[in-house]
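Engineer: My questions concern the predicted model and sequence given below.
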Amino acid sequence: MESSRPDALFSDPYAAHLGGATGVAFSSKMKGIMPWPEFHITWMAIRTRYIDERLSTFCAAHGSSFQCVILGSGLDARAFRIPQLATARAVYEVDVPEVVVAFNRAMARLEATAVCPRVALALDLSTPDALTRALRAGGFDKALPTFWLLEGLTMYLTPDVKCSSRSTRSPHRVPTSVRASSLTPQVSRRT
Ligand SMILES: C[S@@+](CC[C@H](N)C(=O)[O-])C[C@H]1O[C@@H](n2cnc3c(N)ncnc32)[C@H](O)[C@@H]1O
């Protein structure tokens, strides 16, 4: 939707295919939630543009010696659409198995090619040590500068998982690494 606007803040040629009619219907439903009907569209577009810029700047600063880890990656197609990632050693996308399988299938159907090596890790972040083990097995280099991205994720994590995912990352962090995280209040469940 954003990509087709004349004043688009970013371009994601895959979004319309990935979101499909369900995505459009969901977006329309959101219009009734806030007094400003376009709020969720504007907010998403600004957030996406901001992260795209931070990531591109990070890539440019690190030549070919960096990697990127996207936690709760969902339908994030940055490994396919951000040209500056072409020099990355790898992009690690982490999500639950159902989402990883669906995203991989959709991108294969679109015959999309990632601009860099891409490692999709199917795991539940609430499982202790799952992230550390999967990254290690996937060739993650803990000495490399790393762009850690948690976009639209933290609200799904309980405080203990948030803390453990932070301590999981900390041994892997080198001073030049960056963490970009959108912070949204916890989704609370009524019983
Ligand atoms: C709102 S979506 C955000 C997707 C993407 N980062 C974006 O901003 O478009 C949240 C994603 O986090 C994933 N997620 C939530 N809890 C998770 C967990 N415990 N382990 C792994 N992934 C999780 C969901 O499956 C979903 O794909």
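Structural biologist: All right, it came through fine.
Engineer: thought Arg81 was touching Ala15?
Structural biologist: No - Arg81 is beyond contact range of Ala15, at 9.2 Å (criterion: Cβ atoms under 8 Å). Glycine gets a C-beta too; all of them are placed from N, C-alpha and C.
Engineer: Output the set of residues of this structure in proximity to the ligand.
Structural biologist: By Cβ under 6 Å from any ligand atom, the part of the chain that sits against the ligand consists of 72-76, 95-96, 99, 124-126, 151-153, 156.
Engineer: Among those residues, name the ones in strands.
Structural biologist: Asp95 (DSSP state E).
Engineer: which among the residues of the chain next to the ligand end up buried?
Structural biologist: Neighbour-count burial (16 or more other Cβ atoms under 10 Å) applied to these gives 72-76, 95, 99, 125, 151, 153.
Engineer: would you list the residues you listed in CSV and tack on pLDDT?
Structural biologist: Putting these into CSV (pLDDT from 0 to 100) gives the following:
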residue, pLDDT
Gly72, 97
Ser73, 98
Gly74, 97
Leu75, 96
Asp76, 97
Asp95, 98
Val99, 98
Leu125, 96
Glu151, 95
Leu153, 95
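Engineer: From the residues you listed, pick the one nearest Lys142.
Structural biologist: Using Cβ to Cβ, Leu125 is the member of those that lies nearest Lys142, at 18.2 Å.
Engineer: so who does the closest one touch?
Structural biologist: 71-72, 94, 131, 157, 161, 165 (Cβ atoms under 8 Å, 6 or more residues apart in numbering).
Engineer: Go again with 7 Å.
Structural biologist: 71, 131, 157, 161, 165 (Cβ atoms under 7 Å, 6 or more residues apart in numbering).
Engineer: where does Asp12 land in three-state SS?
Structural biologist: Here Asp12 is coil, with the state taken from DSSP: H, G, I helix; E, B strand; the rest coil.
Engineer: so who does it touch?
Structural biologist: Asp12 touches 3, 77, 81, counting by Cβ under 7 Å, 6+ apart.
Engineer: distance of it from the ligand?
Structural biologist: Per Cβ to the nearest ligand atom, to the nearest Å, Asp12 is found 10 Å from the ligand.
Engineer: so where's the longest helix in this structure?
Structural biologist: helix 39-61 (DSSP state H).
Engineer: tell me what that helix is packed against?
Structural biologist: Secondary-structure packing of helix 39-61 (3 or more Cβ pairs under 7 Å, 6 or more residues apart in numbering; DSSP states H and E): strand 146-150, strand 178-181.
Engineer: Now for the buried ones among the residues of the chain next to the ligand: which two are most distant?
Structural biologist: Taking Cβ to Cβ, no two of those sit farther apart than Leu75 and Leu125, at 17.2 Å.
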